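[1] Next input, structure requested:
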Amino acid sequence: MSARRQDVRPTDAVHPAASLRPMREADLDEVYEIELRAYPHPWTLGIFRDCLRADYPAWVLHEAGRIVGYFLMSLAAGEAHVLNICIDPERQGQGFGRRLLQALMHVARGRGVERIFLEVRPSNAGAIRLYEREGFNEIGRRPRYYPADDGREDALVMAIELLSPE
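    Purely as a prediction, here's the structure:
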């Protein structure tokens, strides 16, 4: 399957009080708390710190003084790789994931990215549906990519081609 071209702009229609800003070192404790609640095999605090020090694009979505989600990505040669995207489990299913993903694509486009790649667990049906609705297509599989309680789980590799801004 090939990735299709998609033009996406972030929307404030869902949760207009929520806003985006670059992640700061001071956010890491709150981000890490969300990571621990969201994943059975979370990133370490050190990984988040290393990503910030490497100057990877990292953003948080916050509402009423609390972080509700975040993303980090790497950029190279006109491509982006989503390293981590997460919504607090208590806030999932409320449109924050779509808003955050659209913001990620907007930031990537602003940095000259033409194609975005990500991996997702096949067991994460909600995330797969969101990615597909936003124009991502499955382009491959990475065997035994993720740690799992019973060994390893494959990853679906998904991609989207971005249109240039008008």
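[2] how many other residues sit next to Tyr145?
    For Tyr145, the count of nearby residues is 16 (other C-beta atoms under 10 Å). Glycine gets a C-beta too; all of them are placed from N, C-alpha and C.
[3] So it: helix, strand or coil?
    Secondary structure, DSSP: H, G, I helix; E, B strand; the rest coil: Tyr145 is strand.
[4] residue contacts, it?
    Residues in contact with Tyr145 (C-beta atoms under 8 Å, 6 or more residues apart in numbering) are Glu119, Arg152, Glu153, Asp154, Ala155.
[5] Show me which pair in those is furthest apart.
    For the contacts of Tyr145, the maximum inter-member distance is 12.9 Å, found between Glu119 and Arg152 (C-beta to C-beta).
[6] list residues touching both of these two?
    Jointly contacting Glu119 and Arg152 under the rule C-beta under 8 Å, 6+ apart are Tyr145, Tyr146.
[7] Which one of those two is surrounded by more residues?
    Higher neighbour count among Glu119 and Arg152: Glu119, with 17 against 11, using other C-beta under 10 Å.
[8] Leu75 belongs to a strand?
    Yes - the assignment for Leu75 (three-state DSSP) places it in a strand.
[9] Stretch 68-85 - what's its average pLDDT?
    Mean per-residue pLDDT for stretch 68-85: 97.
[10] which of the contacts of Tyr145 lies closest to Gly95?
    Using C-beta to C-beta, Glu119 is the member of the contacts of Tyr145 that sits closest to Gly95, with 23.2 Å.
[11] Closest one to Phe48 out of the contacts of Tyr145, please.
    Using C-beta to C-beta, Glu119 comes nearest to Phe48 of these, at 17.8 Å.
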